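Engineer: predicted structure and sequence below. I'll ask about it afterward.
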Amino acid sequence: MQHSSPLPLGLNPEQLAHYQKVFNLSYHLNYLEVCRQRIPLQGLDVLEVGGAMPASLVIDYLGCNSWTSVEAPSYDEELGEANQFHRNAGDFDQQQRHQGRYQHLDLDIEDIPQDHYGQYDLIFSIACFEHISRLPLALEVMHRCLRSGGKLFTMHSPIWSAFDGHHLPVGIPERFDRNDPVRNQIFAPWGHLLQTRQQTYQDIFNRFDREFAEEIIYYTYNSGHINRYFSEDYLSVFQASTFDVVEHQITFPFDTDVAVQQVLEQLYPGYAQFGNNGVLAVLQRSGGSDLIDFGSNQATKAADCLKSSVAIF
């Protein structure tokens, strides 16, 4: 007999359907559950970096004391109405009711005003760190925003070293036949790493056209929408920061062909982690660990939730 996985955050099917339909939340709920299993959220002042969870979920349902979200203006310009904050229009009444406890800041985290320093128990950030170009500086500012003993939780993917680490924000244009086997994908797995810039341009030009080739070159190698950090780079940056690294793990494994792995290691000496799609980390500002109880039962639940995060949605 098969047992269905529990829904994230203890939501019932109707609540889950509501947040999926009204706010278009999918992996967001699972990642928030992974965080919650490590860090109980009730009563916390939370700073969300790179997103905007709805007030009805984080304050009314989960019981956070306050929730402040920060979104980079450049990211908003790129996504437009697809940006999560714009989807939160369905939460307007709750946002008004929680004025002073729920707010959205349209700025880069590096530019957050100093009156936010020392104001938060938790920084929550998902699907964001791969987009932060000045990550060491951003981490320093986040560290300042936390109270003593406060924690930072991040889950982010796909990262540059992953099979789809190009993280393209564009797909194959409608002017091309996507059923054509020659044009049914832009990159083969790890293609952005296995090919040079010139090889990529020629490949896309040959299979599509000059306009699309130039667009792919821009987003893959030049655009500031991703930072192009390899998996190992994140741990190095975390360890070099003012944070204590409480937890670090690679996430979402993808089978790497032995021959491909060997070529990647030859092309990029010092790097070997090409089989994971992302990274999970918990960092702490020194000054005490009384904020969180890392019980073994909580860790087990969190691991189970992480394993099922793709399957649920």
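Structural biologist: Yep, that arrived. Residues are numbered from 1 along each chain as shown.
Engineer: pLDDT averaged over stretch 26-42 - what is it?
Structural biologist: Across stretch 26-42, pLDDT averages out at 97.
Engineer: one more: stretch 281-291?
Structural biologist: The pLDDT scores in stretch 281-291 average 75.
Engineer: same check, this time on stretch 8-20
Structural biologist: Per-residue confidence for stretch 8-20 averages out to 95 on the pLDDT scale.
Engineer: how far does that stretch sit from the chain's center?
Structural biologist: What separates the centre of stretch 8-20 from the centre of its chain is 21 Å, taken as C-alpha atoms, centre = their mean, to the nearest Å.
Engineer: part of a strand, is residue 154?
Structural biologist: Yes - counting by DSSP: H, G, I helix; E, B strand; the rest coil, residue 154 falls inside a strand.
Engineer: just give the closest residue to it, not the sequence neighbours.
Structural biologist: The shortest distance from residue 154 to any non-neighbouring residue, by C-beta to C-beta, 6 or more residues apart in numbering, is to residue 125 (4.7 Å). Every residue, glycine included, has its C-beta placed from N, CA and C.
Engineer: which parts of the protein are helices?
Structural biologist: Remark: helices assigned in the chain by DSSP state H are 13-23, 27-38, 55, 73-79, 84-87, 92-97, 135-145, 191-194, 197-207, 210-217, 231-240, 258-267, 296-312.
Engineer: pLDDT on the third one, on average?
Structural biologist: So the one you mean is helix 55. Per-residue pLDDT values over helix 55 give a mean of 94.
Engineer: what's it packed up against?
Structural biologist: Based on contacts counted as 3 or more C-beta pairs under 8 Å, 6 or more residues apart in numbering; DSSP states H and E, the elements that helix 55 packs against are helix 92-97.
Engineer: against residue 205, how distant is the nearest residue in space to residue 229 that is not next to it in sequence?
Structural biologist: For residue 229, ignoring the flanking residues on the chain, the nearest one in space by C-beta to C-beta, 6+ apart is residue 160 at 5.8 Å. Computed with C-beta to C-beta, to the nearest Å, the distance linking residue 160 and residue 205 is 23 Å.
Engineer: cool, and residue 133?
Structural biologist: Distance of residue 133 to residue 205, computed by C-beta to C-beta: 28 Å.
Engineer: got it, and residue 109?
Structural biologist: Counting by C-beta to C-beta, the gap between residue 109 and residue 205 amounts to 38 Å.
Engineer: more neighbours: those two, which one.
Structural biologist: Looking at residue 109 and residue 205 with other C-beta atoms under 10 Å, you find the greater number of neighbours at residue 109, namely 24 against 16.
Engineer: thought the more buried one was touching residue 49?
Structural biologist: Yes - in this structure residue 109 lies within contact range of residue 49 using C-beta atoms under 8 Å: 5.1 Å.
Engineer: list residues touching both of these two?
Structural biologist: Common neighbours of residue 109 and residue 49 are listed as 70, 138, 142 (criterion: C-beta atoms under 8 Å, 6 or more residues apart in numbering).
Engineer: can you pull the pLDDT of residue 77?
Structural biologist: Here, the pLDDT recorded for residue 77 equals 68.
Engineer: what do you get for residue 300?
Structural biologist: 40.
Engineer: residue 30: neighbouring residues, count only.
Structural biologist: 23.
Engineer: which residues does residue 47 contact?
Structural biologist: With C-beta under 8 Å, 6+ apart, residue 47 has these contacts: 68, 69, 70, 116, 119, 120, 122, 123, 124, 142, 145.
Engineer: distance of the residue nearest to residue 154 from residue 229?
Structural biologist: The span separating residue 125 from residue 229 equals 15 Å under the rule C-beta to C-beta.
Engineer: who's more crowded, those two?
Structural biologist: residue 125 (24 against 21).
Engineer: I'd say that one and residue 50 touch.
Structural biologist: Yes - taking contact to mean C-beta under 8 Å, the distance of 5.4 Å between residue 125 and residue 50 places them in contact.
Engineer: nearest to residue 275 among the contacts of residue 47?
Structural biologist: Checking the contacts of residue 47 against residue 275 with C-beta to C-beta, the nearest one is residue 124 at 26.5 Å.
Engineer: you'd agree the closest one is up against residue 32?
Structural biologist: Yes - at 7.4 Å, residue 124 and residue 32 qualify as touching, with contact defined as C-beta under 8 Å.
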